[in-house]
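Q: the following comprises the amino acid sequence and a computationally predicted model.
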Amino acid sequence: MSIAEEIEQIKSNLPNHVSLVAVSKTKPAELLMEAYKCGQRAFGENKVQEMVWKYEALPKDIEWHFIGHLQSNKVKYIAPFVHLIHGVDSFKLLKAIDTEANKAKRIISCLLQFHIAEEETKFGLSMDEATEMLNSDEFKGLEHVNISGVMGMATYTDDENQIRKEFASLKTNFEKIKSDFFAKKPEFKEVSMGMSGDYLIAVQEGSTMIRVGSIIFGMRNYPI
C-alpha cells in the first residue's frame, strides 16, 4: 500500500478522540510530503538536528512532536517551534524546557514520561517521582510549560497480556495525576501510548495519541 493508504487504514481503526503521530525519524523529506499531501500534520522525530532541518525544509503548518530522549542542553534548538515534547522524564529537563520556552516567548506543551516497561533501557518517571515533582514549589513556579498528559512505552514482547497490563498502568497513572493535580485543567488530556506493533491494544486501554512509523513509511532507514 502507499503511504496515503497506510495512513487511511490506521485512521479507520482509530476512534475520533485518538490522534496519529506519524513517526518520521530517519525518513527523507519526500516521504513526509507524501503523508502531508494526504492530510497528515503531526510528525514525530527523536533527533534534534534532524527535526530542525526538517522544520526548516517542510511546510510550517506541520506539528512537530519530539518523541525521543531529549537532552537538556539541546532543548534550545527546538524550543522556537516544537508542538509537543513527549518524553519529559526528569525535573531537570522540564526546567530546561521552561527556560528555553521563556526565551522563545512560548508556552511548550509536554507529556510526563512514565517507566511502565520491564526493560531497564526505557526512560521514565516513577509515580512517586512524578508526585514529588508536581507537589514541589519549584514546579509550581514554572510558567512556560503546559503539562498536557502522560506518555509511556510498553515492553518489546509478544506477550499481549503484559503489554495490556503496562498500558493499563499508564492510564491509571494518568487518572490519578489528573484527579490530584489537573482536575480543573482540560488541557491535561493526552495518553500517548501505542506504536506500530501494539497501537490497537493501546487504544483499547485508553490511548489518545499513537506514534506509528514503520507501518506508514516502511522499515528501511534512509540515510539523512
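A: Thanks, I have it.

Q: would you agree residue 91 is in contact with residue 142?
A: No - checked against Cβ atoms under 8 Å, the pair residue 91 and residue 142 is beyond contact range at 9.5 Å. C-beta here means a position set from N, CA and C on the backbone, and glycine is covered the same way.

Q: how about the contacts made by the residue most central in space within the chain?
A: Closest residue to the average C-alpha location of the chain: residue 86 at 3.2 Å, with Cα atoms, centre = their mean. By Cβ atoms under 8 Å, 6 or more residues apart in numbering, residue 86 lies in contact with 44, 65-67, 111, 113, 151, 192, 211.

Q: check those and tell me the two furthest apart.
A: 44 and 113 (13.7 Å; Cβ to Cβ).

Q: relative to residue 111, how far out is the nearest residue to residue 63 once chain neighbours are set aside?
A: Sequence neighbours aside, residue 83 is the residue nearest to residue 63 in space, at 3.9 Å (criterion: Cβ to Cβ, 6 or more residues apart in numbering). Relative to residue 111, residue 83 is positioned 12 Å away (Cβ to Cβ, to the nearest Å).

Q: so between those two, which is more surrounded?
A: Each of residue 83 and residue 111 has its neighbours counted (other Cβ atoms under 10 Å); residue 111 has more, 24 against 16.

Q: helix, strand or coil: sort out the more buried one for me.
A: strand (DSSP: H, G, I helix; E, B strand; the rest coil).

Q: so it versus residue 103, what's the distance?
A: 22 Å.

Q: please apply the same query to residue 117.
A: On the measure of Cβ to Cβ, residue 117 and residue 103 end up 34 Å apart.

Q: burial count for the closest residue to residue 124 other than its chain neighbours?
A: With sequence-adjacent residues excluded and distances taken as Cβ to Cβ, 6+ apart, residue 124 is closest to residue 115, at 3.2 Å. Neighbourhood size, residue 115 [other Cβ under 10 Å]: 19.

Q: could you do residue 30 as well?
A: Quick note: residue 30 (other Cβ under 10 Å) scores 8 neighbours.

Q: same question for residue 36.
A: Counted with other Cβ under 10 Å, residue 36 comes out at 18.

Q: same thing with the one 4 residues further on?
A: With neighbours defined by other Cβ under 10 Å, the count for residue 40 comes to 23.

Q: can you tell me the closest non-neighbouring residue to residue 111?
A: Closest to residue 111 by Cβ to Cβ, 6+ apart is residue 151, at 4.2 Å.

Q: mind checking pLDDT for that neighbour?
A: With respect to pLDDT, residue 151 scores 98.

Q: one more: residue 204?
A: 97.

Q: what's the helix or strand for the closest residue to it other than its chain neighbours?
A: Spatial nearest neighbour of residue 204, excluding adjacent residues (Cβ to Cβ, 6+ apart): residue 164 at 7.6 Å. Using DSSP states H and E, residue 164 maps to helix 160-181.

Q: contact partners of the helix or strand just after that helix?
A: Note on helix 160-181: by DSSP H and E, the next helix or strand toward the C-terminus is strand 190-192. With contacts defined as Cβ under 8 Å, 6+ apart, strand 190-192 is touched by 21, 86, 111, 148-152, 170-171, 174, 206-211.
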